[in-house]
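# Make a model of this:
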Amino acid sequence: MAARFEKYIAYPIGLLVALFIFSAILLVMGFNPISSLGAILYGSFGTIFSAGETFVRVTPLLLSALAFLIAFKARFLNIGVEGQLYMGALTAYLVAAQMEGLPAVLSIPLITLASFMGGVAWLAIPLVLKIKLEINEIFPTVVMNFIAMFIISWLCTGPIKDPGALNPQTRVIPQMTWLPLIIPGTRLHVGIIFAFFLAFLMYLILYQTILGYQIRAVGLSSKAAKHGGINLSKSILSVGILSGGLAGLAGMVEVAGTQHLLIEGFSPGFGYQGIAIAALGGFHPIGVVLGSIFFSILLIGGETMQRGDGVPIDMIHILQAVLVLSVLIVQTWITMRRRT
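Predicted coordinates for the structure are as follows:
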């Protein structure tokens, strides 16, 4: 119990350290830290609309973080979440574009399934290389990210581009394929409820099922797990399907919930930010939920900080990085101190 309490203590300490460093940097740059931090809070929760935008951003961040987390539990480093997100968005758009006249009760489940399968399909090659040839997954998954982004860029500037649009984007998908709004007057849609449900589901799978036990055992020691009778290939395949599918769903919520079309560069790096959120959340589904909300507060509030105080939005990315590093360093220090 004491060890668990000490682990949680690392979060407020790490946050205070990160805010202190961030404030010091702002002072050196000539900005008022109190005003800037106040702008972040107001920008993320000051109005109903801004609060809605905060949770709109939480949705793809949370799904991306869960995608990396579930694979990491089996020590499968899926650095390709961004690419799988792009392909999930593409398959969601392609299916949604054919759903004209179909009721939402049918069209939305179909595009959800399509995006899940799109993400899984984009992870298939790294999975096969890992399972059959024992090739490390890091390089293949990273390369697949760039291929996915180039494909979307080509499609949005050519074959599926809206001829009436100046930007590289597609036509708007039929309205019956849009995710329903939760709060009128905002962009907050049911995708956030879906994401929270999936976080809870990942918790149940990891900690309440035999499959979850096997996944965690493989992650702790693949050799010991193999000697214990666990099928390593099956475990890797299982986390690969879940990871790729979750990443694909992160793309779907952007197309069907927020953008209502496919546009070049629609993701500002959700897949990569998901890795940092997973680390910040202690690679636990509940921690990842909180980490996603915190990252979203910084991103949405940071835009207000930039408009109001003139602080560059890049400073938010610095704060995110410092926060994650601070928490990890404090956790490591507490662990080392406890062992000595």
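# which strands and helices sit next to the helix or strand where Leu325 lies?
Using DSSP states H and E, the element containing Leu325 is helix 314-339. For helix 314-339, the packing partners by 3 or more Cβ pairs under 8 Å, 6 or more residues apart in numbering; DSSP states H and E come out as helix 2-28, helix 270-280, helix 285-309. Glycine gets a C-beta too; all of them are placed from N, C-alpha and C.
# Return the set of buried residues in that helix.
By neighbour count on 16 or more other Cβ atoms under 10 Å, the buried set for helix 314-339 is 315-317, 319-320, 322-327, 330-331, 334.
# between these, which is nearest Ala224?
Gln331 (24.4 Å; Cβ to Cβ).
# Strands along the protein, start to end?
Counting by DSSP state E, the chain has no strands at all.
# Please name the nearest non-neighbouring residue to the most centrally placed residue in the chain.
Centroid-nearest residue in the chain: Ser64, 2.3 Å away (criterion: Cα atoms, centre = their mean). Nearest residue to Ser64 in three dimensions, chain neighbours excluded: Gly274, at 3.0 Å (Cβ to Cβ, 6 or more residues apart in numbering).
# still on that earlier bit, give me whichever of the helices and strands packed on helix 314-339 is most buried.
For the helices and strands packed on helix 314-339, ranked by mean neighbour count under the definition mean count of other Cβ atoms under 10 Å, the leader is helix 270-280 at a mean of 25.
# which residues does Leu237 contact?
Applying Cβ atoms under 8 Å, 6 or more residues apart in numbering to Leu237 gives the contacts Leu127, Ile131.
# Taking helix 270-280 as reference, get the angle to the least confident helix or strand in the chain by mean pLDDT.
Across the helices and strands of the chain, mean pLDDT, DSSP states H and E gives its lowest value to helix 2-28, namely a mean of 80. If you take axes from the mean of the first three to the mean of the last three Cα atoms, to 10 degrees, helix 2-28 sits at 130 degrees to helix 270-280.
# Please renumber the chain so that the first residue is 28 from this point on.
In the new numbering, first residue 28, that becomes helix 29-55.
# Now find how far off-centre helix 29-55 is within its chain.
For helix 29-55, the separation from the chain centroid amounts to 23 Å (computed by Cα atoms, centre = their mean, to the nearest Å).
# Next: stretch 49-64.
28 Å.
# List the contacts of it.
Counting by Cβ under 8 Å, 6+ apart, Leu46, Met332, Asp336, Gly337, Val338, Met342, Ile345, Leu346, Val349 sit against stretch 49-64.
# and which of those is nearest to Ile242?
Nearest member of the contacts of stretch 49-64 to Ile242, counting by Cβ to Cβ, is Val349, at 31.2 Å.
# Give me the nearest residue to the closest one, chain neighbours excluded.
Closest to Val349 by Cβ to Cβ, 6+ apart is Ala45, at 4.5 Å.
# Find the pair from the contacts of stretch 49-64 with maximum spatial separation.
Gly337 and Val349 (20.6 Å).
# Touching, Ile220 and Ile209? I think so.
Yes: if you go by Cβ atoms under 8 Å, Ile220 and Ile209 touch, sitting 7.4 Å apart.
# quick one: the helices in the chain?
Secondary structure of the chain, counting by DSSP state H: helices at 29-55, 60-72, 75-99, 108-123, 131-160, 165-184, 218-235, 237-247, 249-254, 259-279, 297-307, 312-336, 341-366.
# Throw those into a markdown table and include distance to Ala192, thanks.
Shown next, in a markdown table, are those (distance: least, Cβ to Cβ, whole Å):
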| stretch | distance to Ala192 |
| --- | --- |
| helix 29-55 | 39 |
| helix 60-72 | 29 |
| helix 75-99 | 22 |
| helix 108-123 | 14 |
| helix 131-160 | 21 |
| helix 165-184 | 9 |
| helix 218-235 | 24 |
| helix 237-247 | 44 |
| helix 249-254 | 49 |
| helix 259-279 | 20 |
| helix 297-307 | 23 |
| helix 312-336 | 24 |
| helix 341-366 | 29 |
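# any weak-confidence spans in the stretch 28-177 of the chain?
Within the stretch 28-177 of the chain, the ranges that satisfy pLDDT under 70 run 28-34.
# Give the burial count for Arg214, as a bare number.
Arg214 has 16 neighbours, counted by other Cβ atoms under 10 Å.
# Check Pro136 too.
10.
# go on, Ile158?
Using other Cβ under 10 Å, Ile158 has 17 neighbouring residues.
# Tell me the spacing between it and Leu352.
Going from Ile158 to Leu352 by Cβ to Cβ, to the nearest Å gives 33 Å.
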